[in-house]
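# Need coordinates for the below:
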Amino acid sequence: MKALKLMIIAFTVLGWQSVAGQQSVPDHNFSRVSLTVIYLDDPNPDAKFNASISQSVHGFFEQTKLIGPKYNDHLISTRFARIDVDNFTSENRTMIGNTKEAGQIADYINKSDISRQIVTKWFDRQPDGTFKMDLIGQRGLYNASDNDYITAAASQRQFAGLKDQGEKLLKLSYILFVNFSDINYTVNQKTGSGAYSGLARGYLFQLVWNDSISADFYQNLWIADGDNDAVRSAKKAKFDSTVFPVKHIRDFNTSAAQSNFSITEDKRSDAEKRTALFTSLYENLVVDIDTKVPEFQVRQTLVSSNPIGATIGTKEGLYVDQRFFVLENVQKRNKEVVQRRRAVVRAKTVADNEKITEGKSTPSIFYQVGGGKIDHFGMYMEQKNDKGISLTGSYMKGNMGGLNGTLEYNLSRSFSKTMKLKSIPTGVNFFIDLAVQKSTYNDVNIPDYYYSDSHDYTFARVSGGFSKDFYFWKNFHISPRVGYGIEYTSLYAKGDNGSYPDGLTAMGDHALIGITGGLNLHYNFQLIGGFNYYIPIGDLWVTPGSDKAVPLTMSWSKVFDGRQGLAIFGGIRILL
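Just a heads-up that it's a prediction; the model follows:
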C-alpha cells in the first residue's frame with residue numbers, strides 16, 4: 001500500500017512538472033536553491049599558496065557557515081576535491097574562456113559519489129538502503145508561498161500536497177566548487193601593518209533531475225515495504241553504483257584586497273585577517289552567482305501597489321535598498337509571451353519570514369525609483385542586484401566651481417546586508433567629490449611666504465560627506481548633502497623660486513551643504529543638477545616642498561578673495 005502511495009506521489013509530481021513545462025509563462029514565485037559547496041584542493045598550487053595558507057583555507061571551509069538563509073544548506077561529507085587545475089593568478093588568468101578545468105571537475109564528479117551523496121541527503125537514505133521523505137517534505141513546506149498555502153488549503157489533500165512539491169526543488173540542486181589562489185601579503189612600510197589580497201574562482205554545476213530520472217528512481221531504486229530481501233539487496237546495490245548526472249552551468253572569478261591604509265592601528269591577528277579575506281572572496285563569488293544565474297534570483301508576485309508589497313523577506317536574503325525590476329508578461333501578436341519591465345523598486349522594510357507560511361505572511365515594503373505605474377494585479381518582481389555605487393560627472397559654476405566628479409556608495413544597502421538590519425533609512429550615501437578649477441586672482445599675499453599681483457591658479461578640491469536620496473516622484477529624486485573638504489593650489493612649482501626649491505603649496509578646508517536633483521533618462525542613467533554652498537573653516541596652511549604643513553592665522557577666502565559661497569552644477573549620473 002505504501003509503495004502504491006509513493007508511486008502516486010511520484011507521478012503526481014511528474015504530472016505537475018510536465019504541465020509546468022508546457023507553460024510559456026515562467027513561475028513568478030521564487031523556489032529555493034539547494035547549495036553544496038566543495039573546495040577545489042589543488043595538489044600543485046601557485047608558489048604563494050604555502051602550507052600555512054592551505055591550512056587556513058581548510059579551517060575556513062570546515063568551520064565557517066557557508067550557506068546563508070536564502071538557500072537550502074545541502075553540504076555533504078565531501079568537503080574537499082583534490083584536482084590538479086591550472087594555477088589562477090593575476091598574471092595567468094587561465095580560467096577566463098577556458099573550459100579545461102570545468103571538464104576536469106565534471107570527470108571527477110562522474111568518478112566519485114558526490115552526486116549520489118546529494119540524492120542520499122535529499123531522501124535521507126538509511127544504512128539498510130531505505131529512504132525517507134522527511135527532508136523533502138520539510139523543504140516543500142518551507143518553500144511554499146502564501147498562494148501555495150491557500151491553494152493547498154482548498155484542495156482535497158490539503159497540506160500534504162505542499163510536502164510533495166518539495167521534490168520539484170531537487171532540480172534546483174547546485175554544486176559550487178571553489179578555489180582560492182594568488183594569496184599575497186603586503187606590509188605598509190610606514191605603519192608596519194599588513195594586509196592580504198587574493199583571487200577566487202568558482203565552478204557551478206547542477207544536478208540533473210528530470211521526469212525520466214525521477215521515474216527510474218522510484219521504480220528501480222526505491223525500496224518499498226513489500227520488497228523481499230533479494231529485491232532490497234539488488235536495489236541497494238544498484239543505488240550504490242548509480243552516478244546521477246550533473247551539468248556544468250558556468251564559471252566565475254573574483255578578487256578581494258584588504259586596505260593597507262588605516263587611521264587607527266589594525267589589531268586583528270594574522271588568522272583573523274586571513275579569515276576576513278577568505279570570507280570576502282567567497283561572498284564575492286556568491287554575489288556574482290546571485291547576479292548571473294536566473295534560478296538564484298528572487299521572483300515574487302506583488303500583493304499590493306500602494307504601498308508596493310511582496311511576501312519575501314529575510315528567508316530570501318532580502319536587504320534594504322536591494323533592487324528589483326517590476327515585470328509584466330505581455331502577449332505579442334504572434335502569441336509569444338514576453339517580459340516587459342514596468343518599473344524599478346528598492347526594498348524599504350524587510351519582513352522577517354523565516355518560518356513556514358500560514359497563508360498570511362507580512363509583506364516587505366518597497367519604494368519606486370523608476371518606471372511607470374505599478375499595478376499588483378498581474379505584475380511581479382525579479383531580483384536585479386546592483387553594486388550600490390554611482391558615478392557623476394558635472395560642471396560647477398561659481399567661485400568654487402570647475403569640473404567635478406562624484407563617487408557615491410549606498411550605506412543603507414551595505415549596513416542592512418552586513419548587519420541584518422530589517423529597517424533602516426533608505427538611500428543614505430557616502431560621497432567623495434573631486435574637482436579642479438583654474439582661476440585668476442590679484443594681490444594674493446601670504447606674508448613671509450608669497451606675493452603675486454596677478455596669477456592664474458589651478459585649484460584641486462576633495463570633499464567627502466553624506467547624502468540622502470528622496471524619491472517623491474517615480475523618476476525624480478532630490479538628495480540633500482553635507483560634507484567637509486580641502487582645497488589646495490600650487491604657489492611655486494619645483495625650481496620656480498630659490499627660497500622654495502621643492503615648491504610651495506597652500507591649502508584650506510571647508511564645510512559644504514547642498515542639494516542634488518536627478519531626473520531618470522533610464523533606470524540607471526540620470527540627468528542631475530543642483531548646488532553646493534562652500535563655507536571656509538579653519539586657517540590657511542602652507543607647505544614648503546615635502547616639509548610639514550604650517551598653519552597661518554589667515555582665512556582661505558581672504559587670501560583668495562571670495563573663494564567660497566554658492567556653486568551651481570549640472571551633469572549626468574550613472575548607477576552601477
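# Could you list the domains of the protein?
Annotated domains of the chain cover 2-20+35-294, 297-383, 389-575 [automatic domain parsing].
# looking at these, which has the lowest confidence?
Mean pLDDT values for the domains of the chain show the minimum at domain 2-20+35-294, a mean of 86.
# Tell me where the stretch 101-250 of the chain has helices.
In the stretch 101-250 of the chain, the segments counted as helices under DSSP state H, counting those that start in this stretch are 114-122, 134-143, 146-153, 160-164, 211-216, 229-240.
# With the stretch 351-500 of the chain instead?
Here the stretch 351-500 of the chain has its helices, by DSSP H, counting those that start in this stretch, at 411-419.
# one step back: show me the one of the helices of the stretch 101-250 of the chain that comes nearest G317.
Of all the helices of the stretch 101-250 of the chain, helix 134-143 sits nearest to G317, with 14.2 Å by Cβ to Cβ. Where you see a C-beta, it was placed from the backbone N, CA and C, and this is true even at glycine.
# Mind putting the helices of the stretch 101-250 of the chain into CSV with mean neighbour count?
As requested, these are arranged in CSV below (neighbours: other Cβ atoms under 10 Å):
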stretch, mean neighbour count
helix 114-122, 20
helix 134-143, 19
helix 146-153, 17
helix 160-164, 20
helix 211-216, 14
helix 229-240, 14
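# Not counting its neighbours along the chain, what's nearest I114?
T78 (5.6 Å; Cβ to Cβ, 6 or more residues apart in numbering).
# now that neighbour: how far from I175?
Using Cβ to Cβ, to the nearest Å, T78 is found at 10 Å from I175.
# hang on, the earlier thing: let's have the domains of the chain in JSON lines, adding distance to N29.
Shown next, in JSON lines, are the domains of the chain (distance: least, Cβ to Cβ, whole Å):
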{"stretch": "domain 2-20+35-294", "distance to N29": "5"}
{"stretch": "domain 297-383", "distance to N29": "6"}
{"stretch": "domain 389-575", "distance to N29": "21"}
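# Can you tell me which helices and strands the longest helix belonging to the chain packs against?
Under DSSP state H, the helix in the chain containing the largest number of residues is helix 270-292. Of the remaining helices and strands, those touching helix 270-292 by 3 or more Cβ pairs under 8 Å, 6 or more residues apart in numbering; DSSP states H and E are helix 51-63, strand 173-187, strand 194-207, strand 246-257.
# Helix or strand next in line after it, which one?
Following helix 270-292 in sequence order, the next helix or strand is strand 299-305 (DSSP states H and E).
# picking that back up, chain center to the longest helix of the chain: distance?
Its chain's average C-alpha position is 11 Å from that of helix 270-292, according to Cα atoms, centre = their mean, to the nearest Å.
# try stretch 510-529
Stretch 510-529 sits 24 Å away from the centroid of its parent chain (Cα atoms, centre = their mean).
# Flag every buried residue along it.
510-512, 514, 516, 518, 520, 523-524, 526, 528 (16 or more other Cβ atoms under 10 Å).
# Please flag which of the residues you listed sit within helices.
Using DSSP H, no member of the buried residues of stretch 510-529 sits in helices.
# Tell me the one of these nearest I249?
N524 (26.4 Å).
# wouldn't the closest one be in contact with G518 here?
No. At 11.4 Å, N524 does not count as touching G518 under the criterion of Cβ atoms under 8 Å.
# Number of residues surrounding I356?
Neighbour count for I356, taken as other Cβ atoms under 10 Å: 14.
# hang on, it packs against N143?
No. Using Cβ under 8 Å, I356 is not in contact with N143, being 9.4 Å away.
# Now do stretch 448-461: everything it contacts.
Residues outside stretch 448-461 that contact it (Cβ atoms under 8 Å, 6 or more residues apart in numbering) are 400, 402, 433-445, 485-492, 504, 506, 542, 552, 560, 563.
# before we move on, back to that, who's in contact with the longest helix of the chain?
Under the criterion Cβ under 8 Å, 6+ apart, residues 53, 56-57, 60, 64, 66, 68, 176, 178, 180, 183, 194-202, 204, 250, 252, 254-256, 258, 266, 268, 296-297, 383, 385 lie in contact with helix 270-292.
# in stretch 426-441, what counts as buried?
426-429, 431, 433, 435, 437, 439, 441.
# Turn the residues you listed into a markdown table, including distance to P363.
Formatted as a markdown table, the buried residues of stretch 426-441 follow (distance: Cβ to Cβ, whole Å):
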| residue | distance to P363 |
| --- | --- |
| T426 | 16 |
| G427 | 20 |
| V428 | 23 |
| N429 | 26 |
| F431 | 32 |
| D433 | 38 |
| A435 | 43 |
| Q437 | 49 |
| S439 | 54 |
| Y441 | 59 |
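# Identify the contacts common to T78 and I175.
Common contacts of T78 and I175 (Cβ under 8 Å, 6+ apart): 38, 114.
# Name the residue in those two with the higher neighbour count.
I175 (26 against 15).
# doesn't V208 make contact with the more buried one?
No. Using Cβ under 8 Å, I175 is not in contact with V208, being 11.6 Å away.
# any common contacting residues for those two?
V246.
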